[in-house]
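[1] Could you work out the structure for the sequence below:
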Amino acid sequence: MGPLDLTHLRYFQAIAESGSMTAAAKRLKVSQPTLTVAMRNLEEQLGTTLFLRSRAGVSLTTTGQELLTHASEVFSVLERAEQRILGLETEEVGSFVIGCHESLGAYFLPEFMIEFLQVAPRIEVTLMNASSAAVTEAVVGRKIDFALIVNPIPHPELVLVELFKDAMDVFVSTAVLPPSPESAPPSARSKGGSARKPDPTLQIARERLKAGPLVYAGRVPQCQDLIGRLAADALLPTRLLSCGDLELVKSFALAGVGVALLPRRVAAYGQKGKLRRLHPTMPFFPDTIFLAFRADIHRTRAAVRLKDALVAHGRRLAAQPQDA
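    Next comes the predicted model:
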């Protein structure tokens, strides 16, 4: 037996509720012979008699009553589905997953979520924490809806919206920070107008860096690149301490364990003024953070609202300084 025809099932429901073929035909605006043929086909398909016919109209058999119960459930489910779909298209209702690296999310998401949950209470947001490469793959594979990505590689199926800048830099605890260049007295020039004398704070910073240990997140590509630059400048200490993630690197830096490689915004959040760049002339690796989503994402009202909110929050961060 094949699937039941929903049109025949709706005809059956109307006849059962109206009590006669004639009344049902008027209600449905179809001819009575059309209903008669449809009910004959439905009874043949189910191998049963659904109606007892008389001059007064029709009444349901036992199997007819059973079918009516299920038909009512089917159309109730379809009605709820229709209302749900209309709501998703026209109202700010839906569920979405945002992916990003843990450390990026730690400074981006708290303020964003406080505001967004207030203005869009019917939009449900869950999070996925992983590397930029992993969340990019998850967006491409339709496992998540949006991703905050550092230095993404362009992909034909993704839309990339630039949000703000950051940089992987060399940080040290302010408890052991050498005098900053801004606080040092101006370097004297010779009478002949020769170049400034060597910056003493730079020499102190170099010595502090070479004393080590240098703490970094081994799985972060920018750290590996910056280590290469430091090595090229003969600034790499002999002792290196590789950690699993940036949050542990930050904890070590705050404790004064050593000099740390951290994104400027990661160094700054939650610990304002406790970490500082070792020296402004030290090598650093520039980062750009993007919002990524599929080009063919279903642009429901809720999806557009969430996307616009993420972009707006990222643009606000862009106006804030990067330094710790």
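[2] By residue count, tell me the biggest helix in the chain.
    The longest helix of the chain (DSSP state H) is helix 62-90.
[3] Now the residue most central in space within the chain. Its backbone dihedrals?
    Centroid-nearest residue in the chain, with Cα atoms, centre = their mean: I98, separated by 1.6 Å. Recorded main-chain torsions at I98 are phi -110, psi 130, according to degrees, to the nearest 10.
[4] V125 is in contact with that one, correct?
    Yes - using Cβ atoms under 8 Å, I98 is in contact with V125, at 6.2 Å. Any C-beta I mention is one placed from the backbone N, CA and C, and that applies to glycine too.
[5] Show me where the protein has its helices.
    With helices called from DSSP H, the chain shows them at 6-18, 21-28, 32-46, 62-90, 102-119, 132-140, 200-211, 221-232, 246-254, 264-268, 301-318.
[6] ok so, going back, for the longest helix of the chain, name the packing helices and strands.
    Here helix 62-90 touches helix 6-18, helix 301-318, going by 3 or more Cβ pairs under 8 Å, 6 or more residues apart in numbering; DSSP states H and E.
[7] Next, the buried residues of the last one.
    Spelled out, it's helix 301-318. Across helix 301-318, burial judged by 16 or more other Cβ atoms under 10 Å covers R301, A302, A303, R305, L306, K307, A309, L310, H313, G314, L317.
[8] next one: phi and psi at the nearest residue in space to A106 that is not next to it in sequence?
    In space, and not counting its chain neighbours, A106 is closest to Y269: 6.5 Å by Cβ to Cβ, 6 or more residues apart in numbering. As for Y269, its main-chain torsions (degrees, to the nearest 10) stand at phi -70, psi 140.
[9] if we can go back for a sec, hey, least reliable of the helices and strands packed on helix 62-90 by pLDDT?
    Note on the helices and strands packed on helix 62-90: helix 6-18 shows the lowest mean pLDDT, a mean of 91.
[10] buried set for that helix?
    Buried, per 16+ other Cβ under 10 Å, within helix 6-18: H8, L9, R10, Y11, F12, Q13, A14, I15, A16, S18.
[11] Of those residues, just say which sits nearest to C243.
    Sorting the buried residues of helix 6-18 by distance to C243 puts L9 at the head of the list, at 63.3 Å, by Cβ to Cβ.
[12] need the contact list for that closest one.
    L42, A71, V74, F75 (Cβ atoms under 8 Å, 6 or more residues apart in numbering).
[13] Verify the stated contact: the first one with L4.
    Yes - taking contact to mean Cβ under 8 Å, the distance of 7.5 Å between L42 and L4 places them in contact.
[14] about what we covered before: what is the nearest of the buried residues of helix 301-318 to D169?
    Using Cβ to Cβ, L317 comes nearest to D169 of the buried residues of helix 301-318, at 16.8 Å.
[15] Who's the closest spatial neighbour of that closest one, skipping the chain neighbours?
    In space, L317 is closest to F164, 4.6 Å off (Cβ to Cβ, 6+ apart).
[16] ok, now how distant is the one you found from D287?
    Noted for F164: a distance of 9 Å to D287, by Cβ to Cβ, to the nearest Å.
[17] Please give me every residue in contact with the residue nearest to D233 when sequence neighbours are not counted.
    The shortest distance from D233 to any non-neighbouring residue, by Cβ to Cβ, 6+ apart, is to P283 (6.4 Å). The contact partners of P283, taken as Cβ under 8 Å, 6+ apart, are V170, L226, R229, L230, D233, L235.
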